[in-house]
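Novice: my questions concern the predicted model and sequence given below.
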Amino acid sequence: MIARATTTVSILAGTATDPVFGDTVDSLTPVKTGVLASVIESTKTAREPSSSNPRIIRTHVGRVGAGTTVDEDNLITDERTGETYIVVNVTRNANPQSAQDLRLDLKRTGPAA
């Protein structure tokens, strides 16, 4: 991993069938635990055209090592804080000399289940 790790995460993946309604739901099965990761929160200020009130938008960006298997719609749980994030987008940057970290666009969903 190239980025400085700020925590370790568990990667949750898989689906199950809801026994009551038969819907497909996330199974929250840990695929891998103890993965070194960098999770950084940043804020942006935006103004809507209809009003002049500023809105603060919080975004989270994660980085994991190049060999880590993470897909969109997987969940990751920060093992230090217990917060859970959904992986919105995974970016694999190409570099001819060395493998780059995977960049994860994250959306916080709440505490660990």
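Specialist: Received it, and whenever you're ready, just let me know what you need.
Novice: what about V70, distance to S42?
Specialist: Distance, V70 to S42, using C-beta to C-beta, to the nearest Å: 20 Å. The C-beta positions use only the backbone N, C-alpha and C, and glycine is treated the same way.
Novice: quick one: which of these two has more around it?
Specialist: V70 (19 against 9; other C-beta atoms under 10 Å).
Novice: neighbours of the residue nearest to T29 when sequence neighbours are not counted, how many?
Specialist: Nearest non-adjacent residue to T29, counting by C-beta to C-beta, 6 or more residues apart in numbering: G14, 4.5 Å away. G14 has 12 neighbours, counted by other C-beta under 10 Å.
Novice: in what helix or strand does G14 lie?
Specialist: Using DSSP states H and E, G14 maps to strand 7-17.
Novice: kindly export the very next helix or strand once past that strand (C-alpha atoms) in CSV.
Specialist: Moving toward the C-terminus from strand 7-17, the next helix or strand (DSSP H and E) is strand 24-47. Below are the C-alpha coordinates for strand 24-47, written out as CSV (Å, rounded to 0.1, in the frame of the first residue of the first chain):
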residue,chain,number,x,y,z
THR,A,24,-32.4,-10.0,-1.9
VAL,A,25,-30.5,-8.3,0.9
ASP,A,26,-26.9,-7.7,1.8
SER,A,27,-25.6,-10.6,4.0
LEU,A,28,-22.9,-8.7,5.7
THR,A,29,-20.5,-11.6,5.5
PRO,A,30,-16.9,-10.6,6.2
VAL,A,31,-14.9,-11.6,3.1
LYS,A,32,-11.6,-10.3,4.5
THR,A,33,-10.7,-8.6,7.8
GLY,A,34,-7.7,-6.6,9.0
VAL,A,35,-7.1,-4.9,5.6
LEU,A,36,-4.9,-1.9,5.9
ALA,A,37,-6.7,1.2,4.6
SER,A,38,-6.8,4.9,4.5
VAL,A,39,-10.2,6.5,5.1
ILE,A,40,-10.3,10.3,4.9
GLU,A,41,-13.3,12.6,5.3
SER,A,42,-13.4,15.8,3.4
THR,A,43,-16.0,18.6,3.1
LYS,A,44,-17.2,20.7,0.3
THR,A,45,-19.4,23.8,0.4
ALA,A,46,-22.1,24.1,-2.2
ARG,A,47,-24.9,26.6,-2.8
